[in-house]
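Engineer: could you look at this predicted model? Sequence included:
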Amino acid sequence: MNSPIHLDQWADSRKQHRAFYMATLDADSRITFVNAPFLHTFRCAKVAIARAEFTSLIHAADQERIKKAIGDCREQQAAVTVAARVKNNPYQWVQWQISLFPRSENGRLLCLGEDVFGEALQAMPQDVGSNGNAEAIIRAQEEERARLGHELHDNVNQILASAQLFLGQLDPANREFTQVKTRTAEILTLAIEEIRHLSRDMVMPDFKEMGLTGSIRRLAEDLQYCKPFDIRFLYDNQRSIESLDEHRKITLFRIVQEQIKNIIKYARAKHVVIDLHADANHVRLEIADDGRGFDPAATRRGLGLSNIYKRTRLYAGEVQLETAPGRGCTLIVHLPRNGSQP
Amino acid sequence: MKNNNTKKVVLVVDDSLVVLERMIPMLQDSQNIDFVIHAGTYREALAVLDELKPDYILLDIQLPDQSGLELLQVVKEKYDHIIVFMMTNQATEHHRKICRQLGASRFFDKSMDFERIPEALAVAC
């Protein structure tokens, strides 16, 4: 379509269920038009959006960059691409394409934006049916942040607090000086390890390089190294697995991570088996452990398990949980292979 | 967000790219319209309504998730002061009648009267 304004990406985004932001700015770079996804995302800026300066919705650290991009666009009469974070949400990056509004003689600009990072936004279809799209995404982001906050508070913070206590006892005149110093160094090493684990959890593996099977194998190898339990990863039809779309691969990988975390935390398992199988229509992931199990009816579903259910539901998939006290736990996830988002 | 007394806020609810492309510049050239919001679905429109209080809505009958007629009904029940203009490619007498009964102020055939929509809006503003 020979479109007077380049909104063809907007149409694509709708088909692909992605968030796509649109805004137009007047000659003073104040906002005169927005679309609904823009309102949802930028409401956290707590700025009245109508006629607000566009830069007032941008994270303080990125405002200068946006101002420069707008200036360049006006000066060079050409489209400019720039990435910036959303005000009050430093985790959400949006890539903006700022261009002159076609046939506009009054300095009007068109800003088209797409999410850059944020697994919640990229992995989850934007339009998730009756769940309410933006709400599901925001909830997922909030939960991820809460989890991160808990990890930092419960692990890293406690370890560093201990190190601080030990440092307070450091006195060269004390005959235990060397012992206290060594212990402090050990505690700090532990804190570094915790942060390393946490950041590895957050960064997605490169599926292009290792594939989903390679990434899960790497995860299993890492666990073997610290030997919490014996772990085996089985899969068949690798070609079929690797031809899954990126979103489903991310979802499956995150589910494996979540369940492994659950097993480490609660199960006291000796053996774990991960089994992944894909055919033309479905993908099936099974994670079985021989740990102490639990009574699902009497146990509140924790954040990890609840994330697994949510991620699966987003793709109209199903979760089966087979467990009982003393009888281990088997988690089975079925995802439809294509389309059919809920 | 508060609405200015003289300048108006307009919500366009339509999932058609062509309509959006043509409508934005026309509305933005209007002196009396201060701010335009676009929603492509029933759900997006509902969320926008709860957050912003537009003065006018340009509403397509055929939306991808639910009927524009249902949205018209909700708007008139919850926000009676909002003036709603219906626009459709199914401009039958039956639809006209239903829209009138549900409280729409104007009814436009998109294929015939499109150019008249911003004009009518400017007059109403």
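Structural biologist: Everything's here; your move.

Engineer: got the contact list for residue B:34?
Structural biologist: Listed by CB atoms under 8 Å, 6 or more residues apart in numbering or on different chains, the contact set of residue B:34 reads A:32, A:50, A:51, B:4, B:7, B:8, B:9. C-beta: built from backbone N, CA, C; applies to glycine.

Engineer: tell me which element it is part of?
Structural biologist: Following DSSP states H and E, one finds residue B:34 within strand B:33-39.

Engineer: may I see the buried residues of the next helix or strand after that strand?
Structural biologist: Once the chain leaves strand B:33-39, the next helix or strand it forms, by DSSP H and E, is helix B:42-51. Within helix B:42-51, the residues that qualify as buried are B:42, B:43, B:44, B:45, B:46, B:47, B:48, B:49, counting by 16 or more other CB atoms under 10 Å in any protein chain shown.

Engineer: go on, stretch A:159-179?
Structural biologist: Neighbour count says stretch A:159-179 has A:159, A:160, A:162, A:163, A:166 buried, by 16+ other CB under 10 Å.

Engineer: from those residues, pick the one nearest chain B.
Structural biologist: residue A:160 (41.5 Å; CB to the nearest CB).

Engineer: element containing that closest one, please.
Structural biologist: helix A:158-168.

Engineer: I'd guessed residue A:115 sits against residue A:96; true?
Structural biologist: No. The pair residue A:115 / residue A:96 is not scored as a contact, 11.1 Å apart, by CB atoms under 8 Å.

Engineer: which positions in chain B make contact with chain A?
Structural biologist: Residues of chain B found near chain A (CB under 8 Å from any CB of the partner chain) are B:1-2, B:9, B:15, B:17, B:20-21, B:24-25, B:27-28, B:34-41, B:43-45, B:47-48, B:51-52.

Engineer: which secondary structure elements does the helix holding residue A:160 contact?
Structural biologist: helix A:177-202 (3 or more CB pairs under 8 Å, 6 or more residues apart in numbering or on different chains; DSSP states H and E).

Engineer: quick one: list the elements packing against the helix it packs on.
Structural biologist: helix A:133-151, helix A:158-168.

Engineer: give the buried subset of the residues of chain B next to chain A as a PyMOL selection command.
Structural biologist: Buried residues within those, by 16+ other CB under 10 Å, are selected in PyMOL with:
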select buried, chain B and resi 1+9+15+17+20+21+24+25+27+28+34+35+36+37+38+39+40+41+43+44+45+47+48+52
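
Engineer: tell me the SS of residue B:20?
Structural biologist: The three-state label given to residue B:20 by DSSP: H, G, I helix; E, B strand; the rest coil is helix.

Engineer: got it, and the one 10 residues further on?
Structural biologist: On the three-state scheme (three-state DSSP), residue B:30 is labelled coil.

Engineer: which residues touch residue B:45?
Structural biologist: Contacts for residue B:45 (CB under 8 Å, 6+ apart) come out as A:36, B:11, B:13, B:39, B:57, B:59, B:63, B:71.

Engineer: host element of the residue nearest to the second one when sequence neighbours are not counted?
Structural biologist: When you say that, I think you mean residue B:11. Of all residues not flanking residue B:11 in the chain, residue B:54 sits nearest, at 4.0 Å (CB to CB, 6 or more residues apart in numbering or on different chains). Following DSSP H and E, there is no helix or strand that holds residue B:54.

Engineer: correct me, but residue B:54 touches residue B:37?
Structural biologist: Yes. The criterion here is CB under 8 Å, and residue B:54 meets it with residue B:37 at 6.7 Å.

Engineer: shared neighbours, the two?
Structural biologist: By CB under 8 Å, 6+ apart, the residues touching both residue B:54 and residue B:37 are B:9, B:10, B:11, B:48.

Engineer: take those and lay them out in TSV including pLDDT and secondary structure.
Structural biologist: Shown next, in TSV, are the shared contacts of residue B:54 and residue B:37 (pLDDT from 0 to 100; DSSP: H, G, I helix; E, B strand; the rest coil):
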residue	pLDDT	secondary structure
B:9	89	strand
B:10	92	strand
B:11	93	strand
B:48	87	helix
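
Engineer: TSV please, covering the residues you listed and showing distance to residue A:43.
Structural biologist: Below are those laid out as TSV (distance: CB to CB, whole Å):
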residue	distance to residue A:43
B:9	16
B:10	19
B:11	16
B:48	11
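
Engineer: thinking residue A:217 is in contact with residue A:233, fair?
Structural biologist: Yes. The criterion here is CB under 8 Å, and residue A:217 meets it with residue A:233 at 5.5 Å.

Engineer: so these two - more neighbours on which side?
Structural biologist: Just comparing residue A:217 and residue A:233: by other CB atoms under 10 Å in any protein chain shown the higher neighbour count belongs to residue A:233, 18 against 15.

Engineer: just read off the phi/psi values of that one.
Structural biologist: With angles defined as degrees, to the nearest 10, residue A:233 sits at phi -120, psi 120.

Engineer: and stretch A:234-248, which residues are buried?
Structural biologist: Neighbour-count burial for stretch A:234-248, counted by 16+ other CB under 10 Å, picks out A:235, A:241, A:244, A:247, A:248.

Engineer: in strands, which of the residues you listed appear?
Structural biologist: residue A:235 (DSSP state E).

Engineer: residues near the closest residue to residue A:207 other than its chain neighbours, how many?
Structural biologist: Leaving aside its sequence neighbours, residue A:207 sits nearest to residue A:249 (CB to CB, 6+ apart; 5.3 Å). When neighbours are counted by other CB under 10 Å, residue A:249 registers 23.

Engineer: so residue A:249 is in contact with residue A:212, correct?
Structural biologist: Yes. Between residue A:249 and residue A:212 there is a contact under CB under 8 Å: 4.5 Å.

Engineer: any idea how far apart the tips of stretch A:76-83 sit?
Structural biologist: Taking CA to CA, to the nearest Å as the measure, stretch A:76-83 stretches 19 Å from start to finish.

Engineer: who does the most centrally placed residue in chain B form a beta bridge with?
Structural biologist: Geometric centre of chain B, nearest residue: residue B:58, 1.2 Å, by CA atoms, centre = their mean. On the basis of DSSP bridges, residue B:58 is bridged to residue B:12, residue B:85.

Engineer: what sits against it?
Structural biologist: B:10, B:11, B:12, B:13, B:14, B:23, B:85, B:87, B:117, B:121.
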